[in-house]
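Peer 1: what follows is a predicted structure for the sequence shown.
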Amino acid sequence: QVQLVESGGGLVQPGGSLRLSCAASGFTFDRNVIAWFRQAPGKEREGVSCIVGRDSSTYYADSVKGRFTISRDNAKNTVFLQMNSLKPEDTAVYYCATTFWRGRAEYGLGLSYENWGQGTQVTVSS
């Protein structure tokens with residue numbers, strides 16, 4: 001049974017940093033991609049970043065490129081999203097998700113994901 005548990009959200013001032021964690025279990029990471037999505041009130045869900053388990057290749061949405069970094073800890077079966085230089089427009093519920101994928105990371109955010117975590121709230125405000 002696939003399980004994804006996010007943590008690390010909170011309230012931070014503009015320009016600050018947060019690190020989100022996604023603890024994963026129940027699947028073989030090397031066969032999958034893990035992605036971070038976010039959804040702000042009244043807006044559509046947006047793909048943020050993904051990491052392909054096969055080769056740890058990564059991809060970022062333009063809105064977060066250069067500010068966010070996705071990484072993995074194999075020993076802990078955990079994926080992280082380091083978020084720096086946060087802006088008020090980054091405020092959203094952040095979700096991690098996974099699906100089978102061994103292709104290029106640049107296609108990762110466009111896939112159909114069937115396994116999702118419960119989400120963690122990130123609020124950027126002064």
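Peer 2: Received it, and whenever you're ready, just let me know what you need.
Peer 1: all strands of this structure, in order?
Peer 2: 3-7, 10-12, 18-25, 32-39, 46-52, 58-60, 68-73, 78-83, 92-100, 115-116, 120-124 (DSSP state E).
Peer 1: sheet partners, orientation included, of the last one?
Peer 2: By that I understand strand 120-124. Paired with strand 120-124 in the same sheet, following DSSP bridges, are strand 10-12 (parallel), strand 92-100 (antiparallel).
Peer 1: tell me which of the strands of the chain sits nearest to G108.
Peer 2: Closest to G108 of the strands of the chain, according to CB to CB: strand 46-52, at 3.5 Å. Using the backbone N, CA and C atoms, a C-beta is placed for each residue, glycine as well.
Peer 1: hey, what's the residue nearest the centre of the chain bridged with?
Peer 2: Centroid check for the chain by CA atoms, centre = their mean gives W36 as the closest residue, at 2.2 Å. With DSSP bridges as the criterion, W36 is bridged to S49, C96.
Peer 1: give me the distance between it and N84.
Peer 2: 14 Å (CB to CB, to the nearest Å).
Peer 1: check V122 too.
Peer 2: Taking CB to CB, one finds V122 at 13 Å from N84.
Peer 1: who has more neighbours, the two?
Peer 2: V122 (22 against 14; other CB atoms under 10 Å).
Peer 1: tell me how many other residues surround the residue nearest to the more buried one when sequence neighbours are not counted.
Peer 2: Among residues not flanking V122 along the chain, G9 sits closest, at 4.8 Å (CB to CB, 6 or more residues apart in numbering). Using other CB under 10 Å, G9 has 18 neighbouring residues.
Peer 1: just V12 next, same as before
Peer 2: Applying other CB under 10 Å, I find that V12 has 18 neighbouring residues.
Peer 1: that one and L18 touch, don't they?
Peer 2: Yes - taking CB atoms under 8 Å as the contact criterion, V12 and L18 are neighbours in contact, 5.5 Å apart.
Peer 1: need the overlap of contacts for the two.
Peer 2: By the contact definition CB atoms under 8 Å, 6 or more residues apart in numbering, V12 and L18 are jointly contacted by L86, V122.
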